[in-house]
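K.L.:
sequence first, predicted model second:
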Amino acid sequence: MFLIYLLPALSIIYFLYTRLTSPLSKLPGPLYTNFTPLYLIYKEFTGNRRTYIDSLHTRYGPVIRISPSECSFSSYSAMKEIYTSGAPYLEYYAPRLAEFFDNLNSKRSRSVPLANDFVLEAVQKPNPASYSLLSKLHSKASELEDLSAAAECMDHLAAGIDTTGDGLCFLMHELSLPQNAHIQQRLRDEINDDQDKSFDQLPYLDAVVKEGLRVFPPIPMSFPRYTPDSGTTLDGYYIPGHVIVSCQPFTLHKDPEVFPSPEKFDPQRWLEDKGELERNRMFFAFSQGARGCIGKHLALAEMKILLREVYGQYKTVLGKEKADMRFDDQVISSRPKGQKCRLQFQKVV
Ligand code: HEM
């Protein structure tokens, strides 16, 4: 009888002991994050993970434990080590569409968004164009099955479309606020001053786009990586192998040392010489290093060309319907909570 109580009691004592003496227990963070990931999972499922982590950074500083096997950082030194040091921090990644489709050839009809149907049909067609991603995924060197190839294509579509669109949506809304009319005017003046200039020769346009991506990073949440098997030291703390470590742009972009008055939308900050190096290296909207965004230059070109076309000819102001522009975190990116952003375009040229 005594043993019935003793064994569970010893197990609990052993569990508490191992957790409270593990290297991650030395990191700042709420006590419960030593014992369970459940609160973090709850925050993730309710779309609040990013703001939860941000609030922990505000409370505990640049290094925090967020679960028994995961920690988050908000310093340039940790970001550099995790993403650009060349050490084998493995990407914590799996194509996501696969979770929703257990059998591609299933005859069951499912209500799925248009893009999913399109991709699922495309992977089953023979002979894709030789320059396409699909052709590479179907090549002999690749052992991906149709479902995995579809998931990979879908991730590329999502990576390139939602991000750029959502980023532009937040930025154009911000430019349309009455208090930013002077920014819009300065942008229009620069664009129309010399119409022969290419989109990448316009410094104020560049500053507007960067500031838009700083304040409204389309993927504002953590970019997770596993630590190498041998473990690592980040910002003075030893982190064992196979622990998930990450930084998130939402927090890095609000560092007041690098971006004074971080909540203010102020493109001018990107044109100041002072602090230029610090600003550029802390800019994390596209992540950094070998697994950072491969579409960065395309995305910047798309955004600048569109803004030049619009603001060269039009003034935008808020529509009559009020938009709820708070970040609403999706699986991959964030979009406006109200799902709508009404602007009025007024021809000026
Ligand atoms: C403003 C627009 C965009 C933003 C903010 C953005 C952001 C990002 C970020 C943060 C990552 C890395 C995530 C991580 O480190 O875990 C990433 C990866 C990626 N992006 Fe983008 N992206 C944008 C546009 C595009 C475009 C236009 C394309 C392609 C046409 C693209 C294709 C990709 C791909 C394929 C990856 C995965 C790279 C890899 O795993 O090696 N992105 N993007």
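P.N.:
Nice, I can see it. Numbers count the residues shown, from 1 in each chain.
K.L.:
show me which residues of the stretch 51-200 of the chain are close to the ligand?
P.N.:
156, 159-160, 163-164, 167 (C-beta under 6 Å from any ligand atom). (Glycine included, C-beta is placed from N, CA and C.)
K.L.:
using TSV, lay out these together with secondary structure.
P.N.:
As requested, those are exported to TSV (DSSP: H, G, I helix; E, B strand; the rest coil):
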residue	secondary structure
His156	helix
Ala159	helix
Gly160	helix
Thr163	helix
Thr164	helix
Gly167	helix
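K.L.:
how about whichever residue of the chain sits closest to the ligand: what's its closest non-neighbour residue?
P.N.:
Closest residue of the chain to the ligand, C-beta to the nearest ligand atom: Gly295 (2.1 Å). Of all residues not flanking Gly295 in the chain, Gly160 sits nearest, at 5.2 Å (C-beta to C-beta, 6 or more residues apart in numbering).
K.L.:
isn't that neighbour up against Cys293?
P.N.:
No: judged on C-beta atoms under 8 Å, Gly160 makes no contact with Cys293 at a distance of 9.3 Å.
K.L.:
on that earlier part again, JSON lines for the residues of the stretch 51-200 of the chain next to the ligand, including distance to Pro203, pLDDT and neighbour count?
P.N.:
As requested, those are exported to JSON lines (distance: C-beta to C-beta, whole Å; pLDDT from 0 to 100; neighbours: other C-beta atoms under 10 Å):
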{"residue": "His156", "distance to Pro203": "31", "pLDDT": "80", "neighbour count": "16"}
{"residue": "Ala159", "distance to Pro203": "28", "pLDDT": "80", "neighbour count": "17"}
{"residue": "Gly160", "distance to Pro203": "26", "pLDDT": "84", "neighbour count": "16"}
{"residue": "Thr163", "distance to Pro203": "24", "pLDDT": "92", "neighbour count": "22"}
{"residue": "Thr164", "distance to Pro203": "21", "pLDDT": "94", "neighbour count": "20"}
{"residue": "Gly167", "distance to Pro203": "19", "pLDDT": "95", "neighbour count": "24"}
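K.L.:
and these as JSON lines, adding distance to Glu44?
P.N.:
Converted to JSON lines, these look like this (distance: C-beta to C-beta, whole Å):
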{"residue": "His156", "distance to Glu44": "23"}
{"residue": "Ala159", "distance to Glu44": "20"}
{"residue": "Gly160", "distance to Glu44": "24"}
{"residue": "Thr163", "distance to Glu44": "20"}
{"residue": "Thr164", "distance to Glu44": "25"}
{"residue": "Gly167", "distance to Glu44": "23"}
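K.L.:
how near is the closest residue to Asp200 other than its chain neighbours to Gln313?
P.N.:
The shortest distance from Asp200 to any non-neighbouring residue, by C-beta to C-beta, 6+ apart, is to Lys304 (6.7 Å). Separation of Lys304 from Gln313 (C-beta to C-beta, to the nearest Å): 15 Å.
K.L.:
try His156
P.N.:
Taken as C-beta to C-beta, the span from His156 to Gln313 is 32 Å.
K.L.:
hmm, who's touching stretch 228-238?
P.N.:
Stretch 228-238 is touched from outside by 23, 26-27, 62-63, 73, 75, 77-78, 81-82, 87-90, 239-242, 245, with contacts defined as C-beta atoms under 8 Å, 6 or more residues apart in numbering.
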